[in-house]
Structure formats: C-alpha cells, structure tokens
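Asker: sequence first, predicted model second:
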Amino acid sequence: MYHTLEQEKIILSFNGVVTADFLTAVLDIVETKMNHLEEPPKTKKKVFNVLVECLQNLYHHIDEGKGERKEMRKYKSVLVMVIRDENNFFIQTGNYIDKTSVKNLEDRLKKINSLDKEHLREYYREVLGNGSISDKGTAGLGMIDIARKSGNKLEYEFLEIDKDFSFFSLNVKID
C-alpha cells in the first residue's frame, strides 16, 4: 500500500466523518508534507488556501442523513485526497448531498466555470455584497474562491446514490 501511495503521488487520502479536529489535523499534515517536498512559498500558499476552502465546504455542507442511524453516518462521510504529480497539485473531495441541492449547485458551478479571472473577481464581489447568508451560515463564496485561488476550472460530477442523495465529487487542479 505504501508503494502505491508513493507511486501515485498521494500526499493525503481520507474517507470518514469530518469534525473540527479533523480539519486542523489535515491542514497540519499537508503543511508538513509540503515543507518536506520543499515547494515554493507561493505554491504552498495556493494549495493551502484551496484546501482550507474545500474543507470548509465539506464541513459546512454535510447533509443530514435520512433514515436509520447507520445510514446517517454514511451520509456524513466525506472523501478528501491531495495528490502531487510532476507539475501540479490536485485536491479531490467528495460528499453526499441532498438531491434537491444538485441543480442549484450545478448551476452555480457552471456559472463559475464560464467566467474568466476578472469576471470571477466581479462575481465574488457581487455575491459578497449581496450579504445573504444561508441556513448553514455561509455566503456562497467558497466555490468562487476555490476557482479564483486555483486559477483553473472546477471539475465536478454528481453520482446518483438513492432516491434522496447524490454524491458530489470535486477535483481542483492547482498549478
């Protein structure tokens, strides 16, 4: 397994429930690994900033499971991977979302991916100025910020799980 992780350049791989302590631990692990890789400060900052946004999105947007107690744990489970190839870093995340949220999230992601750097900045200011806070205490800036900080389009997919949930996967390239 160690050889596979080294060969695939996987810096971090996690599958489980997100807690505040988990967020701190992941950030510490990635920071230590990046220091070991002797990455330039600018690269470290970009990766760290994108990772923080991705983790905050996971933490704030874990949907409550419906049904039996065991199933509820399943729906709170997330996937986080940080990968380094020869030229880029990739942050991959995945989490369950209520099917009723898929259309809205996909529309927002399409809009974000349609904007260039300058228009992303304007859109960020527009959403920030809107001042509306969701019932989860967020302003909807996370994905915009991820796109801005990574400098790349967001790759994503929604996989249907059952009648209530889909699995949302996000792949962010940082070069």
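Answerer: It's in. Residues are numbered from 1 along each chain as shown.

Asker: helix or strand with the lowest mean pLDDT in this structure?
Answerer: Every helix and strand in the chain was compared by mean pLDDT, DSSP states H and E; the lowest is helix 69-75, with a mean of 57.

Asker: after that one, next one along is what?
Answerer: strand 77-84 (DSSP states H and E).

Asker: okay, now the sheet partners of that following strand, with direction.
Answerer: strand 10-17 (antiparallel), strand 89-98 (antiparallel) (DSSP bridges).

Asker: low-confidence stretches in this structure?
Answerer: In the predicted model, the chain carries pLDDT under 70 at residues 4-5, 7-8, 63-74, 131-139.

Asker: top helix in it by residue count?
Answerer: helix 41-60 (DSSP state H).

Asker: just want the angle from the helix or strand harbouring residue 144 to helix 41-60.
Answerer: Applying DSSP H and E as the criterion places residue 144 in helix 142-150. If you take axes from the mean of the first three to the mean of the last three C-alpha atoms, to 10 degrees, helix 142-150 sits at 170 degrees to helix 41-60.

Asker: just the CA trace of helix 142-150, in PDB.
Answerer: Presented in PDB, the C-alpha positions along helix 142-150 are these (Å, rounded to 0.1, in the frame of the first residue of the first chain):
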ATOM      1  CA  GLY A 142     -16.400  29.000  -1.300                       C
ATOM      2  CA  MET A 143     -16.600  27.600  -4.800                       C
ATOM      3  CA  ILE A 144     -15.900  31.100  -6.300                       C
ATOM      4  CA  ASP A 145     -12.900  31.400  -4.000                       C
ATOM      5  CA  ILE A 146     -11.600  27.900  -4.900                       C
ATOM      6  CA  ALA A 147     -11.800  28.800  -8.600                       C
ATOM      7  CA  ARG A 148     -10.100  32.100  -8.100                       C
ATOM      8  CA  LYS A 149      -7.300  30.700  -5.900                       C
ATOM      9  CA  SER A 150      -6.600  27.700  -8.100                       C
END
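
Asker: now do it: which elements does it pack against?
Answerer: Judged by 3 or more C-beta pairs under 8 Å, 6 or more residues apart in numbering; DSSP states H and E, the packing partners of helix 142-150 are helix 41-60, helix 99-114, helix 117-130, strand 165-174. Every residue, glycine included, has its C-beta placed from N, CA and C.

Asker: pretty sure residue 140 contacts residue 127?
Answerer: Yes: using C-beta atoms under 8 Å, residue 140 is in contact with residue 127, at 5.6 Å.

Asker: ok, the two, which is more surrounded?
Answerer: residue 127 (17 against 14; other C-beta atoms under 10 Å).
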